[in-house]
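> Just to be clear, the model below is a prediction. Sequence and coordinates:
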Amino acid sequence: MEGPKTSLRGQFLLDGGNLAGSWFQRTVVLICQHNAEGAFGLVLNRPAGAQVGDALEGDLPEDLKGMPLLFGGPVQTGALSFLRSDPFLPDASIMPNLELGHSLEELLELAGDFSTGRQLKVFAGYAGWSPGQLDSEMEREAWITHPATLELVFDSDPSTLWQRILRSKGGLFRLLAEAPEDPLSN
């Protein structure tokens, strides 16, 4: 089986204005894996309106309990994923210093440890693509790519992330960022 022409791992995918009415309208997705088996990503700008402690049972550290929970995507919304950044992870799985995890035990261990510069985000669900599906969507120009950075992954205001990234790209992207969510209200 042939893999993708170019792996998008470590890239952001932004709704390019063609996903209106879909779950992915105005989302920013971090691609964590992209190979011949398909693609896996996490939506960075969809708050679940809950805290991690509301979704996970057990004796959780207070810092972890109070963290905001994000919807990582519409697939397996009961599945746990987390992103962690640490300056001591130069060979991390997504990009330097950014690691993807799925284990509750590992998450609890991380929450109990202190590391200067470490950041953490927790997600319910994920965005998934079958083999060739994301490549097909890219050919149809459904998504706009943008290089991921740790600063943007752990941005403190995810509600405006889509607009801010598009504005930073300038030109027609700026116009897209400024367009109303419902074009009929323009």
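Good, I have the coordinates. Numbers count the residues shown, from 1 in each chain.
> Which stretches in the protein count as helices?
All helices of the chain, identified by DSSP state H, fall at 52-55, 62-65, 104-112, 133-139, 150-153, 161-169, 171-178.
> quick one, which of these is nearest to Leu42?
helix 150-153 (9.1 Å; Cβ to Cβ). The way it works is simple: take the backbone N, C-alpha and C, and place the C-beta from them, glycine included.
> quick one on the thing from earlier: mind putting the helices of the chain in a markdown table, mean pLDDT included?
Shown next, in a markdown table, are the helices of the chain (pLDDT from 0 to 100):
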| stretch | mean pLDDT |
| --- | --- |
| helix 52-55 | 91 |
| helix 62-65 | 85 |
| helix 104-112 | 84 |
| helix 133-139 | 94 |
| helix 150-153 | 97 |
| helix 161-169 | 96 |
| helix 171-178 | 92 |
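> Looking at those helices, which is nearest to Thr6?
helix 133-139 (9.0 Å).
> Mind giving me the packing neighbours of that closest one?
strand 38-43 (3 or more Cβ pairs under 8 Å, 6 or more residues apart in numbering; DSSP states H and E).
> Now with 6 Å, please.
Contacts defined by 3 or more Cβ pairs under 6 Å, 6 or more residues apart in numbering; DSSP states H and E place helix 133-139 against no helix or strand at all.
> quick one: contacts for Val28?
12, 14, 44-45, 161-162 (Cβ atoms under 6 Å, 6 or more residues apart in numbering).
> Give me the nearest residue to Pro158, chain neighbours excluded.
What sits nearest to Pro158 in space, not counting adjacent residues and going by Cβ to Cβ, 6 or more residues apart in numbering, is Asn45, at 4.1 Å.
> meant to ask about Leu70
Phe123 is the one closest to Leu70 (Cβ to Cβ, 6+ apart), at 4.9 Å.
> residue contacts, that neighbour?
42, 70, 72, 81.
> With distance to Ser93 and mean neighbour count as added columns, please give the helices of the chain in JSON lines.
Shown next, in JSON lines, are the helices of the chain (distance: least, Cβ to Cβ, whole Å; neighbours: other Cβ atoms under 10 Å):
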{"stretch": "helix 52-55", "distance to Ser93": "21", "mean neighbour count": "17"}
{"stretch": "helix 62-65", "distance to Ser93": "21", "mean neighbour count": "14"}
{"stretch": "helix 104-112", "distance to Ser93": "13", "mean neighbour count": "15"}
{"stretch": "helix 133-139", "distance to Ser93": "18", "mean neighbour count": "16"}
{"stretch": "helix 150-153", "distance to Ser93": "13", "mean neighbour count": "16"}
{"stretch": "helix 161-169", "distance to Ser93": "22", "mean neighbour count": "18"}
{"stretch": "helix 171-178", "distance to Ser93": "29", "mean neighbour count": "14"}
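> To Ala127, which of those lies closest?
Going by Cβ to Cβ, the one of these nearest Ala127 is helix 133-139, 9.3 Å.
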